[in-house]
Each structure stands twice: as structure tokens, then as C-alpha cells.
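Chemist: Sequence and predicted model, in that order:
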Amino acid sequence: MGFFKNIFSREKKETLDKGLQNTKQSFLGKIARAVAGKSKVDDEVLDNLEEAFVTSDVGVDTTLKIIERIEARVARDKFMNSEELNRMLCEEITDMLASNDNEGLADFELPCDHRPYVIMVVGVNGVGKTTTIGKLAAQYKAAGYNVVLGAADTFRAAAIEQLDVWGERVGVPVIKQKMGSDPASVAFDTVSSAKASGADVVIIDTAGRLHNKRGLMDELTKIKNVMKRVVPTAPDEVLLVLDGSTGQNAFEQAKQFVAATEVNELAITKLDGTAKGGVVIGISDQFKIPVKYIGLGEGINDLQIFRKEEFVKSLFGNSAQ
């Protein structure tokens, strides 16, 4: 068993390394240029580091916090060379990232005993929300759980159809109504069906529009309230899906949805093929909401549980050892 677990971990690491390759090359390249020709960490190096982080989509506020921490450590510990600087950066960034409730658990192991475990998924259209739901369903089913999906994005017929396709592909039931139906009614039916059938995991899709924040807030609140009538703990996760490739636009989306509902987990998708993976650091720090899942490719298994130590190690390579 241990042998196969090691192979699985190695495969996960390879997927992570591959998915973050563009970000890693850009990020480390900028840091290398920031310290080029320097034998110590001085004000110029810190200024160059600040520029490197800001242009890597980490965000201004988080960048300033990182620089302040490095400045304090250099003054205290007198670290000088680039290798030691990278090690400091790894430690400080890891410390700044919020921990999710899967720390210490196996991948896609439910963190509580009550059933069903309810995940309400929010996010604008186009960020990979439905795809993330499908991949979550596949991963939780592969982990041995019974999964039910709820098509509560009744604003678009395509959303219902896409979720249906994923349900067939993964082999899990999808509870739905016709387009234009009350989303809360769909959520109620989904949770009721899951409870009656003894399902372990419920994943509810919701509408991705942001043109009316008050309307969105009211709709999401109503969905949560009707689910609580069936399962008082619901939703266990309010999962906001963000497109990592959009960089700073993801910050604005996070701000809008955090204001509209009580988001407690993040999924950051499309990190493969982009150099903007630094957004993971800034969003986690600024909103104090843990990143729980990251998307690293098109395959079902390319959705991973986010583990901050492994993420930072992959980002910095050998410097994180």
C-alpha cells in the first residue's frame, strides 16, 4: 500500500510541477534578476523584489507584507546570498498562505462525519466553475463517496446541459429543473434527494452573474437557507471558483463574491499555461480564505487539493528544500 501511495504522491507532484512551470519560470526569473550581481540584500534588491512580486500578480498589499518580513529578517539574521533569500521567501510565503481543512487528511477525504457534506459553488461564468464541479464529483467518487449534483444555475440552459454532461461522464446523478426555475427549489430538491438516498457529498452549482450584487446576495442567501431546512450544517463549503489566468481580475471577482456571500473556500483554476500563478498567494493572503483546490490541466485528475507547502516548494524548486 505504501508503495502505491508513494507513486500517487509522485504523480501529483509531477502534475503540480508541470502545471506551475510557466509561473515558476517567470517568477524565479524575476527574482533572479532582482538579485543579479548582488552579494547582499540591500535596499535596491528589496525594491527589485517588490517589482518582481507585483508584476507576478501577487498584488501590492501582499507584496509589501512580504518585503517587510524579508527586510526584518535580513536585519535580524544578516542573510546575504540569493540562496538564503529564496529560502526566506519560501518560509514567509508559506506562513502567509491560509491553511485549509484538509491539512492532515488524504486527498479528497471529507473533513467531517456528518452526511451529506454540502458544497455550494459560486463564481462568474467562464472561470471553469462547471468543469470544477465535474472534476470534484469525479475525485470524490474515486475516493469512495456517493455524490449528487444540483443544477441550481437555472439562469442559463447551457449550464444545466453542461452539468448533465458531467454527471453522465462521471456517473453521478444530477438533480435539475427546467430553465428559469427557482434555484433554491433545485437546491432543496438536491439536498433532500441526497439525504434520502444516503449520499455522502452534494455539490450545488449556482448562477454566475454579477451585474446585480444585491440580487446575487439574496439568491445565494435563499439557497443556503432552504438547504439548512434539510441539512442544518449546509453548506459546509461555499466554494468560490476563480480563473488564475486572469491575474488581478480574479481579485475583483473575489471581492464581489466575498461581499455577496460567506465564502469559506477557494478553487483557483487554469494555473497551467499561465505565468500568473502568483495570484494564489495574494488572494489567499488578502481575503484570509484558504485555497482548497487548484486546477492544473484539462484532465479530471488535474484538479488537486491545495497543500501550501507543496505549492511553494514547486514554485521555488530546489530553493524550497
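Modeler: Now that the structure is in, tell me what you want to look at.

Chemist: Sketch out the helices for the stretch 51-200 of the chain, chain order is fine.
Modeler: Per DSSP state H, counting those that start in this stretch, the stretch 51-200 of the chain carries helices over the ranges 60-77, 82-96, 129-142, 157-170, 183-197.

Chemist: Quote the end-to-end distance of stretch 294-311.
Modeler: The stretch stretch 294-311 measures 10 Å between its terminal residues, going by C-alpha to C-alpha, to the nearest Å.

Chemist: average pLDDT for it?
Modeler: Taken as a whole, stretch 294-311 carries a mean pLDDT of 91.

Chemist: what distance separates that stretch from the centre of its chain?
Modeler: In terms of C-alpha atoms, centre = their mean, to the nearest Å, the gap separating the centre of stretch 294-311 from the centre of its chain is 9 Å.

Chemist: and it, which residues are buried?
Modeler: Neighbour-count burial for stretch 294-311 flags 294-297, 300, 302-308, 310-311 (criterion: 16 or more other C-beta atoms under 10 Å). Where C-beta positions appear, they are placed from N, C-alpha and C, glycine not excepted.

Chemist: Out of those, which sit inside helices?
Modeler: 308, 310-311 (DSSP state H).

Chemist: Which residue of this structure lies farthest from its centroid?
Modeler: Ser39 (37.3 Å; C-alpha atoms, centre = their mean).

Chemist: could you measure that residue against Asn81, distance?
Modeler: For Ser39, the distance to Asn81 equals 7 Å [C-beta to C-beta, to the nearest Å].

Chemist: Ok, Ala267 next?
Modeler: Counting by C-beta to C-beta, the gap between Ala267 and Asn81 amounts to 37 Å.

Chemist: of these two, who's got more company?
Modeler: Neighbour totals were compared for Ala267 and Asn81, and Ala267 leads with 27 against 13 (other C-beta atoms under 10 Å).

Chemist: where in the stretch 1-150 of the chain is pLDDT low?
Modeler: 1-8, 78-80 (pLDDT under 70).

Chemist: how about 90 then?
Modeler: In the predicted model of the stretch 1-150 of the chain, residues 1-15, 17-46, 48, 52, 55-57, 71-88, 98-107, 111-113, 125-126 satisfy pLDDT under 90.

Chemist: same check, this time on the stretch 151-300 of the chain
Modeler: Across the stretch 151-300 of the chain (using pLDDT under 90), the flagged ranges come out as 155-157, 207-218, 246-249, 252-253, 255-256, 259-261, 272-278, 297-300.

Chemist: Let's see that with 70 instead.
Modeler: Looking at the stretch 151-300 of the chain by pLDDT under 70, you get 210-213.

Chemist: rewinding a little: make a markdown table out of the ones in helices among the buried residues of stretch 294-311 and add distance to Tyr140.
Modeler: A markdown table is the format used below for these (distance: C-beta to C-beta, whole Å):
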| residue | distance to Tyr140 |
| --- | --- |
| Lys308 | 21 |
| Glu310 | 20 |
| Phe311 | 21 |
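
Chemist: ok, so of those, who is nearest Gln162?
Modeler: For those, the minimum distance to Gln162 (C-beta to C-beta) is 28.5 Å, reached by Phe311.

Chemist: Please verify my assumption that the closest one contacts Asp17.
Modeler: No: in this structure, Phe311 is not within contact of Asp17 by C-beta atoms under 8 Å, at 10.6 Å.

Chemist: Looking at the buried residues of stretch 294-311, which is nearest Gly128?
Modeler: Of the buried residues of stretch 294-311, the one sitting nearest to Gly128 (C-beta to C-beta) turns out to be Gly295, at 6.2 Å.

Chemist: Give me the distance between the closest one and Ala199.
Modeler: 24 Å.

Chemist: Next: Asn225.
Modeler: From Asn225 to Ala199 the distance is 21 Å (C-beta to C-beta).

Chemist: To what extent is Gly277 buried, counted in neighbours?
Modeler: When neighbours are defined as other C-beta under 10 Å, Gly277 has 30 of them.

Chemist: if I pick it, what's in contact with it?
Modeler: 20, 22-24, 27, 57, 244, 271, 315 (C-beta atoms under 8 Å, 6 or more residues apart in numbering).

Chemist: do Lys222 as well
Modeler: Shown in contact with Lys222 (C-beta under 8 Å, 6+ apart): 183-184.

Chemist: what about it, which helix or strand?
Modeler: For Lys222, the element it lies in under DSSP states H and E is helix 213-230.
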